[in-house]
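Engineer: below are the sequence and a predicted model for it; my questions follow.
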Amino acid sequence: MRRVVVESPATVSEVLFGCSWQTTFERIEGRGSVIITDHNIDRIYGALFPKGVPVIAVKPGEESKSISTIEDIVSQMVSIGIDREGFVLGIGGGVVCDIAGFVASVYMRGVEFGFISTSLLSQVDASTGGKNGINVSGSKNVIGLFNQPRFVICDSAMLKTLPESEYFQGLSELLKAALIADRELLETIISLSGQLSSADLSPIDDLVFRAVEIKASVVTRDEREHGVRRILNFGHTFGHAAELCYNIPHGNAVAWGMLAAIKFSRSEGYLSGEDSETLAGLIESLNILPDKSIDVDRVADRIQYDKKRSGEGIHFVFLRSPGEAFTRLVSISDLALFLRSFKL
Ligand code: GLY
């Protein structure tokens, strides 16, 4: 078993690899726990959940990250009799982790929680980091808090049941981790690029472990995103805008946003022409871009609504070289101007 630690002022959170997800149950049995999951995960794995631990299953998908779902879960937890010593175990992907982390953080002013992370996207990114948010009136993660899970379990055996498209969503965030902070990991991804598919998960364990090490180290240095943590938003400024315009999956949107950010890093004179071409070629070869064409004018109009804007600008993440990112405050108008000139 391998372990990565996220240290925040309030908690030490451990992410565990190479252990079976079912070993977690020793940690939660007999202490007034509840499992929060979604109907898909419950259908596939529910028979293996520990008997006697109540299960609350939500509808799969982003629309469950709502106040009404939270209200419903809290009512069920009150009826079950979960008290302040209780424990919330979220079993699922990014949506379930957000919901379970949010509920646990506010239920009776906060109970402990942990995650069994079932998708590549959540293993690589969503289950680690301590942000727990839900959506209100179409605004994503507009209410939420920072609170670290006690543990996250990443068992690659669970990825076998993932649909192929979900697998590629995760690959996008994995590539992001390499691009911002680890040239060696990037070279490994380049060398494996023709072979990465959900049909062969053997290289994935190591890649996920390395990506989580990167995220954990960044979050430990800056949990609340006042500085270095911003680099984790690489590809997300343009990507989120495209995601909102077209309602495309997050990983595809981030892949498109990374491609645009690479070209922007080149046009601002940070990245060499050769590196920019190599990285763009890599993104194109990984099968992670959106399957529809994106109208850059439409996306440029959307940038101004970015919730991470700071006054008239955004702390935009550039690449200085493959494996090294930095941020610079860029005005919304300059971002829009670049985007309008961006061609795929
Ligand atoms: N829970 C996701 C993050 O903190 O980045």
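Structural biologist: Here it is on my side, so go on.

Engineer: residues near the closest residue to G94 other than its chain neighbours, how many?
Structural biologist: Once flanking residues are discounted, G94 sits nearest to A126: 3.4 Å by CB to CB, 6 or more residues apart in numbering. C-beta: built from backbone N, CA, C; applies to glycine. When neighbours are defined as other CB atoms under 10 Å, A126 has 24 of them.

Engineer: please apply the same query to P54.
Structural biologist: Count around P54 with other CB under 10 Å applied: 16.

Engineer: distance of it relative to M158?
Structural biologist: 21 Å (CB to CB, to the nearest Å).

Engineer: with F102 instead?
Structural biologist: In terms of CB to CB, F102 sits 22 Å off from M158.

Engineer: where does the chain dip in pLDDT?
Structural biologist: Counting by pLDDT under 70, the low-confidence segments of the chain come to 199.

Engineer: so which residues on the stretch 1-150 of the chain come close to the ligand?
Structural biologist: Taking CB under 6 Å from any ligand atom as the measure of proximity, the stretch 1-150 of the chain contacts the ligand at 126, 129-131.

Engineer: need those in CSV with distance to R109 and secondary structure, can you?
Structural biologist: Shown next, in CSV, are these (distance: CB to CB, whole Å; DSSP: H, G, I helix; E, B strand; the rest coil):
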residue, distance to R109, secondary structure
A126, 24, helix
G129, 22, coil
G130, 17, coil
K131, 19, strand
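
Engineer: ok, those residues vs the ligand, which is closest?
Structural biologist: Using CB to the nearest ligand atom, G129 comes nearest to the ligand of these, at 2.3 Å.

Engineer: ok, F102 and M158, which is more surrounded?
Structural biologist: Here F102 and M158 are compared on neighbour count by other CB under 10 Å; more neighbours surround F102, at 26 against 22.

Engineer: that one against I134, yeah?
Structural biologist: Yes. With contact defined as CB atoms under 8 Å, F102 counts as touching I134 (5.5 Å).

Engineer: joint contacts of those two?
Structural biologist: Residues touching both F102 and I134 (CB atoms under 8 Å, 6 or more residues apart in numbering) are 70, 144.

Engineer: follow-up on the earlier one: list the contacts of the residue nearest to G94.
Structural biologist: For A126, counting by CB under 8 Å, 6+ apart, the contacting residues are 93-94, 97-98, 117, 119.

Engineer: L186 too?
Structural biologist: 175, 178-179, 322-323.

Engineer: list the contacts of stretch 317-326.
Structural biologist: So stretch 317-326 is in contact with 178-186, 230-231, 233-237, 261-262, 264-265, 268, 270-272, 275, 278-279, 327-328, going by CB under 8 Å, 6+ apart.

Engineer: could I get the buried residue list for it?
Structural biologist: By neighbour count on 16 or more other CB atoms under 10 Å, the buried set for stretch 317-326 is 317-319, 322-326.

Engineer: what do you get for stretch 307-319?
Structural biologist: Neighbour-count burial for stretch 307-319 [16+ other CB under 10 Å]: 309, 314-319.

Engineer: close to the ligand, is that stretch?
Structural biologist: No. Shown here: stretch 307-319 not in contact with the ligand (CB under 6 Å from any ligand atom), separated by at least 12.8 Å.

Engineer: okay, that stretch in CSV with CA atoms only?
Structural biologist: What follows is stretch 307-319, C-alpha atoms only, in CSV (Å, rounded to 0.1, in the frame of the first residue of the first chain):
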residue,chain,number,x,y,z
LYS,A,307,-16.1,33.1,-10.5
LYS,A,308,-12.3,33.3,-9.9
ARG,A,309,-12.1,36.7,-11.4
SER,A,310,-10.3,39.2,-9.2
GLY,A,311,-11.5,42.7,-10.1
GLU,A,312,-11.0,43.2,-13.8
GLY,A,313,-8.6,40.3,-14.2
ILE,A,314,-8.0,36.6,-13.6
HIS,A,315,-4.9,34.9,-12.2
PHE,A,316,-4.2,33.1,-15.5
VAL,A,317,-2.0,29.9,-15.4
PHE,A,318,0.7,29.9,-18.1
LEU,A,319,3.4,27.3,-18.8
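
Engineer: among the contacts of A126, which are located in strands?
Structural biologist: Among the contacts of A126, the members falling in strands (DSSP state E) are S117.

Engineer: which residues does stretch 157-174 contact?
Structural biologist: 20-21, 44-45, 93, 116-125, 189, 196-198, 201, 204, 207-208, 211, 235, 249-252, 254-255, 258, 286-288.
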